[in-house]
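Asker: From the sequence below, what's the structure:
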Amino acid sequence: MSLSRNIRSRLGQLRFLKEVQKHTYKAEVIGFDTASSIGILYDATNERDYEAVKAYVKTVRGQYKKDILAMGFVDKKKLPPAQFAQYGLDFFTRSDLDFRLIPNNPIVKNFIEQKFDILINLNNGSCFPLRYIAALSKSRFRVGRYDSKSTSCYDMMLNLKGEPAIKEVIEETEHFLRKIKPELA
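Answerer: Numbers count the residues shown, from 1 in each chain. Sure thing, here's the model as predicted:
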């Protein structure tokens with residue numbers, strides 16, 4: 001990481017901590033079967049990950065009849081031609097980040113304000129902009145992969161071994177969310 005990016009990252013972390021401290025939030029435990037709306041955060045830089053999430057969004061919308069919106073971060077200045085916003089899939093890029101690497105885009109702000117029943121961050125915690133969105137989300141139940149720096153961002157964290165493919169992360173997350181039943185919540 002370059003010195004400039006390191007400084008920008010530290011400034012972003014300070015802002016992040018300040019925002020999280022003043023963020024009021026009351027968690028509700030919601031299972032997959034009882035949720036009517038789902039938000040997904042993921043790193044869309046890799047086209048395979050984008051295709052896996054796109055297929056999952058289509059499945060959830062068609063088979064389970066749930067409202068679902070995926071917000072992908074593309075770690076490039078411009079969106080690749082193969083990736084474009086469409087129903088259920090939105091994106092932001094490096095050019096949508098401010099100096100402190102904090103997302104500064106109306107689409108992202110709307111995503112943060114949306115009250116999803118469940119918000120799922122498929123990223124491993126290494127992507128600061130996605131962690132920022134997850135932490136400030138107005139969603140009722142926030143789920144993410146275990147990362148010691150992200151414990152304040154989620155209500156439920158999954159500790160997955162190694163670096164599984166995004167399809168495996170999706171399957172494991174849905175598996176555990178299906179175990180949550182209304183009478184247990």
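Asker: so what secondary structure elements neighbour the longest helix seen in the chain?
Answerer: Longest helix in the chain by number of residues (criterion: DSSP state H): helix 3-22. The contact analysis (3 or more CB pairs under 8 Å, 6 or more residues apart in numbering; DSSP states H and E) places helix 3-22 against helix 128-136. (Glycine included, C-beta is placed from N, CA and C.)
Asker: The helix it packs on versus helix 3-22: what angle between them?
Answerer: 10 degrees (axes from the mean of the first three to the mean of the last three CA atoms, to 10 degrees).
Asker: how much does the next helix or strand after helix 128-136 deviate in direction from helix 128-136?
Answerer: Next along the chain after helix 128-136, taking DSSP states H and E as the criterion, comes strand 141-145. Interaxial angle, strand 141-145 versus helix 128-136 (the same axes, to 10 degrees): 150 degrees.
Asker: Beyond strand 141-145, next helix or strand please.
Answerer: Counting by DSSP H and E, what follows strand 141-145 is strand 156-158.
Asker: Correct me if wrong: Arg145 contacts Asn124.
Answerer: Yes - when contacts are counted by CB atoms under 8 Å, Arg145 is listed as touching Asn124 (5.2 Å).
Asker: Where does the prediction get shaky in this protein?
Answerer: 1, 3, 23, 182-185 (pLDDT under 70).
Asker: for this protein, what spans make up the strands?
Answerer: 37-43, 67-74, 89-93, 118-121, 141-145, 156-158 (DSSP state E).
Asker: Of these, which stretch is the most buried?
Answerer: The highest average neighbour count among these, using mean count of other CB atoms under 10 Å, belongs to strand 118-121 at a mean of 29.
Asker: So what are the sheet partners of it and their directions?
Answerer: If you go by DSSP bridges, strand 118-121 pairs up with strand 37-43 (parallel), strand 141-145 (parallel).
Asker: Using JSON lines, lay out those strands together with distance to Ala134.
Answerer: Below are the strands paired with strand 118-121 laid out as JSON lines (distance: least, CB to CB, whole Å):
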{"stretch": "strand 37-43", "distance to Ala134": "6"}
{"stretch": "strand 141-145", "distance to Ala134": "6"}
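Asker: nearest to Met157, of those?
Answerer: Nearest to Met157, of all the strands paired with strand 118-121, is strand 141-145, at 5.7 Å by CB to CB.
Asker: chain center to the closest one, what's the gap?
Answerer: Centre-to-centre, strand 141-145 and its host chain are 8 Å apart (CA atoms, centre = their mean, to the nearest Å).
Asker: Kindly report the same for stretch 130-144.
Answerer: For stretch 130-144, the distance to the chain centre is 7 Å (CA atoms, centre = their mean).
Asker: before we move on, the earlier item: would TSV of the strands of the chain with distance to Arg61 be doable?
Answerer: Output for those, formatted as TSV (distance: least, CB to CB, whole Å):
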stretch	distance to Arg61
strand 37-43	10
strand 67-74	6
strand 89-93	11
strand 118-121	14
strand 141-145	19
strand 156-158	23
